[in-house]
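Peer 1: Okay, here's the prediction I keep looking at, along with the sequence it came from:
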Amino acid sequence: MRENQLGKLITNLPEKPGILGREQFFSSAVLVPLVLINGEYYFLFEKRAQNIKQEGEICFPGGGYDPETDRDFAATAIRETLEEIGIAADKINIVGRLDYIITPFGSLVEPIVGTLTVRDLGELNLNPQEVEEVFLLPVAHFEENDPEEFSLRVEMQPWHTAENGERTMFFPAEELGLPPKYWKTWNAREHRVLVYRTEKYPIWGMTAKLIREVIGLLRRP
């Protein structure tokens, strides 16, 4: 870069920093759905169907962003909610957003908070290919009960050995001449996992993280 190019660099710097390398992430949106019943708000949860990748998991509605159909991530959250639980679009009211979540597994999630106008869960038309059941739990339960904290071990692995002994190389650190510490698993660290125990199912992972964020906002003075 020559001396006279500094001005060009400054001009092209982003006014509002984004997420560098965002295109490498799987981008998705999640709706945090609140249902008002007799003056009290409840979270609506899904239990995922048994024939999909997330089988049996407890979560909020959501899925991948589609740039061809979704004008923004709120639209993604609404579309996925319609597809999964069969509620009418005019019964979903977006009230705001939570901070982005970047998972250690290569996903970027935009959480959207919304209310659902539902008097009875029988009004919903679940997609059996994606959702086994839906259920409600009072927000008050999570206000009164903090999550437990556990941890998982996350490692950087330059190669992987399959059960048959075949090795797949992802990152040829030795061939590239990098320091020996990168020739094997490195940067092992703990990834914190939150778990809420409930009368229905344990709620953990990203869903628990979103719940705790909502509760934290409610507790602010």
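Peer 2: That came through, no problem.

Peer 1: make it CA atoms for all contacts and neighbour counts henceforth
Peer 2: Noted.

Peer 1: Give me the mean pLDDT for stretch 165-173.
Peer 2: When pLDDT is averaged over stretch 165-173, the result is 89.

Peer 1: Any chance you could list what contacts that stretch?
Peer 2: 158-162, 179-180, 182-183 (CA atoms under 8 Å, 6 or more residues apart in numbering).

Peer 1: how about that stretch as PDB, C-alpha atoms only?
Peer 2: Taking C-alpha atoms only, stretch 165-173 is exported to PDB below (Å, rounded to 0.1, in the frame of the first residue of the first chain):
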ATOM      1  CA  GLY A 165      -8.300 -46.100  11.000                       C
ATOM      2  CA  GLU A 166      -8.500 -43.900   8.000                       C
ATOM      3  CA  ARG A 167      -7.100 -40.400   8.700                       C
ATOM      4  CA  THR A 168      -8.600 -37.200   7.100                       C
ATOM      5  CA  MET A 169      -6.300 -34.200   7.000                       C
ATOM      6  CA  PHE A 170      -8.100 -30.800   7.300                       C
ATOM      7  CA  PHE A 171      -5.200 -28.500   8.000                       C
ATOM      8  CA  PRO A 172      -1.700 -29.600   6.900                       C
ATOM      9  CA  ALA A 173       0.100 -27.600   9.600                       C
END
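
Peer 1: what comes up buried for that stretch?
Peer 2: Neighbour-count burial for stretch 165-173 flags residue 173 (criterion: 16 or more other CA atoms under 10 Å).

Peer 1: where do the helices sit along this structure?
Peer 2: For the chain, applying DSSP state H gives helices covering 6-12, 73-85, 139-144, 173-176, 205-219.

Peer 1: quick one: buried residues of the longest one?
Peer 2: Residues of helix 205-219 classed as buried under the neighbour-count rule (16+ other CA under 10 Å) are 205-212, 214-215.

Peer 1: Closest one of the residues you listed to residue 103?
Peer 2: residue 206 (8.4 Å; CA to CA).

Peer 1: re the thing from before, export the helices of the chain to TSV and append columns for distance to residue 56.
Peer 2: Below are those laid out as TSV (distance: least, CA to CA, whole Å):
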stretch	distance to residue 56
helix 6-12	47
helix 73-85	15
helix 139-144	21
helix 173-176	38
helix 205-219	13
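
Peer 1: right, so of these, which gets closest to residue 39?
Peer 2: helix 139-144 (11.8 Å).

Peer 1: Fine by me, we can end here.
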